[in-house]
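Visitor: any chance you could fold what I've pasted below:
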Amino acid sequence: MKKSELKDLKMSDLDDMIKDNQIKLQNLRFQKALQQLEDPLEIRFIKKEIAQLLTVKSEFAKGIRSGEEIK
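Guide: Model prediction:
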């Protein structure tokens, strides 16, 4: 996900994307443990995307980004 796309997201969208990515990461880790993972670099990309989403969420909380406030 590009940084420009992150600017347009609302808090509810961020929460949904974080949950989806955490589920994907858990499934990829299970596949890795069972040696069924085709692309091990995918884990790295999902972890980076989760970190970016959490950063944007914390920026909303600190007031750095304007928009919908944390509930």
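Visitor: use CA for all of it now, contacts and neighbours both
Guide: Noted.
Visitor: now do the same contact list for the residue nearest the centre of the chain.
Guide: Among the residues of the chain, Ile50 comes closest to the average C-alpha position under Cα atoms, centre = their mean, at 2.7 Å. When contacts are counted by Cα atoms under 8 Å, 6 or more residues apart in numbering, Ile50 touches Ile18, Asn21, Gln22.
Visitor: the same query, at a cut-off of 10 Å, please.
Guide: Leu14, Met17, Ile18, Lys19, Asp20, Asn21, Gln22, Leu25 (Cα atoms under 10 Å, 6 or more residues apart in numbering).
Visitor: next secondary structure after the helix or strand bottoming out on mean pLDDT in the chain?
Guide: Across the helices and strands of the chain, the lowest-confidence element by mean pLDDT, DSSP states H and E is helix 3-6, at a mean of 77. For helix 3-6, the following helix or strand on the C-terminal side (DSSP states H and E) is helix 11-33.
Visitor: what is the mean pLDDT for that next one?
Guide: Helix 11-33 shows a mean pLDDT of 95.
Visitor: extract the C-alpha trace of the following helix or strand past it and format it as PDB.
Guide: Toward the C-terminus, helix 11-33 is succeeded by helix 41-62 as the next helix or strand (DSSP H and E). Below are the C-alpha coordinates for helix 41-62, written out as PDB (Å, rounded to 0.1, in the frame of the first residue of the first chain):
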ATOM      1  CA  LEU A  41       9.000 -12.600   1.500                       C
ATOM      2  CA  GLU A  42       5.200 -12.100   1.700                       C
ATOM      3  CA  ILE A  43       5.500 -12.300   5.500                       C
ATOM      4  CA  ARG A  44       7.900  -9.300   5.400                       C
ATOM      5  CA  PHE A  45       5.500  -7.300   3.300                       C
ATOM      6  CA  ILE A  46       2.500  -8.000   5.500                       C
ATOM      7  CA  LYS A  47       4.500  -7.000   8.600                       C
ATOM      8  CA  LYS A  48       5.600  -3.700   7.000                       C
ATOM      9  CA  GLU A  49       2.000  -2.900   6.000                       C
ATOM     10  CA  ILE A  50       0.800  -3.600   9.500                       C
ATOM     11  CA  ALA A  51       3.500  -1.300  10.900                       C
ATOM     12  CA  GLN A  52       2.500   1.500   8.400                       C
ATOM     13  CA  LEU A  53      -1.200   1.100   9.400                       C
ATOM     14  CA  LEU A  54      -0.400   1.200  13.100                       C
ATOM     15  CA  THR A  55       1.800   4.300  12.600                       C
ATOM     16  CA  VAL A  56      -1.100   6.100  10.800                       C
ATOM     17  CA  LYS A  57      -3.400   5.100  13.600                       C
ATOM     18  CA  SER A  58      -1.100   6.500  16.200                       C
ATOM     19  CA  GLU A  59      -0.800   9.700  14.200                       C
ATOM     20  CA  PHE A  60      -4.500  10.100  14.400                       C
ATOM     21  CA  ALA A  61      -4.400   9.600  18.200                       C
ATOM     22  CA  LYS A  62      -1.700  12.200  18.600                       C
END
